[in-house]
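[1] Sequence plus predicted model, see below.
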Amino acid sequence: MDLDKLLEVGDLCIHPEPPVCNATCPVHLDVIAFINEIEKGDFKKAYKLMEKRIPFAKLIGKICDHPCETVCVRKDAGGSIQVSELEKLVINQGYTAPKKTLPLPKNKGKVAIIGGGLSGITAAVDLDKKGYMVSVYEKSNRLGGRLWEYESDTLKKEEIEEELQIFERQKISVTLNTAIDQSRLETLEGDYDAIFIGTGDWEEKLEINRESFMVGESNVFAGGKLAGEGTSVIGSVSSGRRAAISIDRYVSKVSIMASREREGRFETPLNYKTDNVLRVEKINKQGDYYTEAEGIAEAKRCLKCVCEDCITTCSHMQRFNISPDAYIRQINQSERIILGTHYANTMINSCTECGLCKERCFLDISMKDVIHETRESMVEKGKMPVSAHDFALKDMQFSNSDRFSMVRKQPSKEQSKDLFYYPVISYSKYAQGLYKGTGKTGYLFYPGCQLSASHSEYIGEIYKYLVGTMKETKIDGDVGMYLGCCGAPADWAGRQDLMQENIGKIKDVWKEMEEPTFILACSSCASIFEKYCPEINTISLWEIFDKYGLPETKITPDRGVLNLHDACATRNNPKIHESIRNITKSLGYEIKEFGYSKEKTKCCGYGGLVYYANRDQSNDFVQDRISESTEDMLVYCAMCKDLFVEGGKKTYHILDLIYAKDLTSAGLQKTPSFSERHHNRAQLKIDLLSEIWGEKQTMDTTNELDFSLIIPDDAQKLMQDRYILFEDVEKVIDHARKNDEYFFNPETKNYLAKLRHENVTYWVRYEENGKDVIVNSVYSHRMEVVEEP
Amino acid sequence: MNSENEKNTPWVCGKCNSKLELQKVKVTYLGGSFEVELMKCPVCNFVFIDEDLALGKMLEVEKGLEDK
Ligand code: SF4
Ligand code: SF4
Ligand code: SF4
Ligand SMILES: [Zn+2]
């Protein structure tokens, strides 16, 4: 994995960029944090945040000319947030006298400050804190300069004097009634390491660098009005502070300008969109100051401007409380660890790879791609936790084994002659299709492993429909059938090895069958085919329904309103979106679109194998989507349906609307367990072979058992939660009984048996009652116990 | 690792009918192996792991090793 490239993507993300108020504030008050504290009613903490950024916060906070308010994003939606009023409130309610600090040795150098106005006193105090011996020269009889112009009922003389006492406390040398002119300056230059001029005006024109505040190439610096800050109070103090930094760097002989790009006002790349912002009028203070309640109400109006477009629609980033920039840093760290714990593993395996983040990001940052690449890299380095995807990969293996997988050409006329008496006077469309068989396979129906597991009852019907329908299309050729798994689990798990092997097999079949068009009924299959074998032509079953007509079904108008959930794997497949909508309308339903649909649809929670790697995370996605629905839901992916129904939502698969015998119960049909899914697939193959191809497949696995297994509901639930299959349980008990290998509890008359199968040890606790074996509990572990003396 | 694998377990080895004893046992995972004390049949060495242990401490160690 190219980590430098990864970090570049992370740097693109503007999530950490400040709001415009903060960027415009010359001392960069963290406005959002400040406002958050006010909302919480913690005025002390809010004041601390002011103190951290604003010099002489207690004074400046009352007289700041608040450039932040001019640019506030709320401006046209009820009025700018009145940060200046909030600062006054916070001073009133949250001011705490600064803690006494131990005096530092003042040995870093000597600095003269000419002019004790706003910029001068700021530079003086900052340099004193940095350990300089500072001497202030002021031409009038007091420090503070323009501060005194603001003396009033709200900024009292005593307050100004009290704050300026810092000069005495810190023993900063102050010489009043002393004007320094150009000639005096020249004599001072040699006595001091650096000089700061903050006098407002100066007899000679000074060449002041607006970034460093250095005058020409000398040890003289200048700020305030001289440096172009005009009458801005906050601009003046900011220039004093920044000049102090330059002086410190100059005296310490380090680069003056290195990484100071964002010290003054700057343009933030954050461009907060206000399209969806509701207008809220600003809160006017009733007295001289905001009351706490007024301040809190004003604080609530703040939009807390930040880019989180992708986060607000992603249950994954929300669960891990992380933004893309931080996520990428964590991946980077995790990828670099050689020895030590990879803390980010669970997170990385909890992304559904749904791709919504990229759709939401105006910079097209795709966490899906980043996370997918990370998973592949983890697999390559042997750092992918086995348990995360093991079960799903074994399920895929099952689907591609003889138990389910099969490829058949359309039965020939000869083959099907027992099925239909010949000549048939009025034969069905299906029979007509069979009789027209040409021997060349033009289409291969590939229903996929999950639809075959959840809705095996529809597969044969669909196949017959296709045989009957496709004969009428221009494309010459029969419709064959191919059962198997496209390999999506391997892709999601980052297992390129398995993925390539699987896709290789699919391509072989395709070539052997003379390159037929695949008819797909699963959205994951569609995206896998597109990603790994674009040379294979595919068409979705839904487009066929739309184009060539629906199977004969009772269509009644006004059947109701459904919320249509698009499968996330179809995000970039508008043809599917359109045909599904057309079919649904033809079937007599009205569609109510979700706010997030089509290319902006959400994931049901199955994607990325999150259902296996982090069930809680998967549930977040399920519940998030269900909470957006107001009607019964309609889906066209088997896993979407199973998850939503499991989450308690009445959900129809589009095939239910066409084929279900009892529609009401179809919408609530219990999700088949993992064991049932296996069974349904295996049984489907047996049934299809016998009904359509007249072949017999024997279940080679049905070995003769001398007991009958009874699994009560709660034990079945444990099996499902713990990824244990019926056949695993059967094997454990069979082994125990045949080999007398079990533990026995004489008190409860329970047996406890175990058996290791591949990389898992399965345990079953059961009771016996004659020939009946009643399962009480099941569990497993991956660690292997070496059983030797 | 021996948490709830209580010493006074009522479970006995079905084959040998003997009481289980706490003994050092070798376990392996992801290529690493280490010794832990587990209950087992002293006669046939059949090792006992109860539900709490498998889904508690043992799972924790497995996850810990997987994230290494
Ligand atoms: S949408 Fe997400 S990824 Fe894109 S810039 Fe904003 S926070 Fe970053
Ligand atoms: S709404 Fe709040 S965060 Fe946004 S610019 Fe205004 S004060 Fe700053
Ligand atoms: S791919 Fe989906 S789940 Fe993953 S980070 Fe993006 S939006 Fe979230
Ligand atoms: Zn024994």
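    Ah, there it is. Residues are numbered from 1 along each chain as shown, chains lettered A, B, ... in the order given. Ligands and ions are numbered 1, 2, ... in the order given.

[2] and the gap between the closest residue to ligand 3 within chain B and chain A?
    Taking Cβ to the nearest ligand atom, ligand 3 has its nearest neighbour within chain B at residue B:67, 20.3 Å off. Where C-beta positions appear, they are placed from N, C-alpha and C, glycine not excepted. Applying Cβ to the nearest Cβ, to the nearest Å, the value for residue B:67 to chain A is 5 Å.

[3] what residues are up against residue A:589?
    Neighbouring residues of residue A:589 by Cβ atoms under 8 Å, 6 or more residues apart in numbering or on different chains: A:559-562, A:634, A:657.

[4] same thing but 10 Å
    Counting by Cβ atoms under 10 Å, 6 or more residues apart in numbering or on different chains, residue A:589 touches A:557-562, A:564, A:583, A:631-632, A:634, A:652, A:654, A:657.

[5] now swap in residue A:297 and tell me
    Going by Cβ under 10 Å, 6+ apart, the list of residues near residue A:297 reads A:39, A:280, A:282-283, A:290-291.

[6] Present those residues as JSON lines; the columns should include distance to residue A:641.
    Output for the contacts of residue A:297, formatted as JSON lines (distance: Cβ to Cβ, whole Å):
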{"residue": "A:39", "distance to residue A:641": "42"}
{"residue": "A:280", "distance to residue A:641": "41"}
{"residue": "A:282", "distance to residue A:641": "49"}
{"residue": "A:283", "distance to residue A:641": "49"}
{"residue": "A:290", "distance to residue A:641": "54"}
{"residue": "A:291", "distance to residue A:641": "54"}
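
[7] Turn the residues you listed into TSV, including pLDDT.
    TSV is the format used below for the contacts of residue A:297 (pLDDT from 0 to 100):
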residue	pLDDT
A:39	97
A:280	96
A:282	96
A:283	96
A:290	96
A:291	96
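
[8] Adding distance to chain B, secondary structure and neighbour count, write these out as a markdown table.
    A markdown table is the format used below for these (distance: Cβ to the nearest Cβ, whole Å; DSSP: H, G, I helix; E, B strand; the rest coil; neighbours: other Cβ atoms under 10 Å in any protein chain shown):
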| residue | distance to chain B | secondary structure | neighbour count |
| --- | --- | --- | --- |
| A:39 | 38 | helix | 17 |
| A:280 | 47 | coil | 15 |
| A:282 | 51 | coil | 16 |
| A:283 | 50 | coil | 22 |
| A:290 | 51 | coil | 25 |
| A:291 | 52 | coil | 15 |
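
[9] quick one: which two of those are the most distant?
    Largest separation among these by Cβ to Cβ: A:280 and A:291, giving 18.2 Å.

[10] where does the chain dip in pLDDT?
    By default, I'm working from chain A. A:417-427, A:474-475, A:699-703, A:789 (pLDDT under 70).

[11] sorry, should have said chain B
    Within chain B, the segments meeting pLDDT under 70 span B:1-7.

[12] Now with 90, please.
    B:1-9, B:30-34, B:68 (pLDDT under 90).

[13] Whichever residue of chain B sits closest to ligand 2 and ligand 1, how far apart?
    Residue nearest to ligand 2 within chain B (Cβ to the nearest ligand atom): residue B:67, separated by 38.4 Å. Remark: distance between residue B:67 and ligand 1 (Cβ to the nearest ligand atom, to the nearest Å) = 26 Å.

[14] ok, now which ones touch that residue?
    Residue B:67 touches A:334, A:337, A:340-346, A:383, A:385, counting by Cβ under 10 Å, 6+ apart.

[15] of the residues you listed, closest to residue A:125?
    Of all the contacts of residue B:67, residue A:125 sits closest to residue A:343, with 42.9 Å by Cβ to Cβ.

[16] roughly how far apart are the closest residue to residue B:14 other than its chain neighbours and residue A:88?
    Nearest residue to residue B:14, sequence neighbours excluded (Cβ to Cβ, 6 or more residues apart in numbering or on different chains): residue A:742, at 4.2 Å. Distance of residue A:742 to residue A:88, given as Cβ to Cβ, to the nearest Å: 78 Å.
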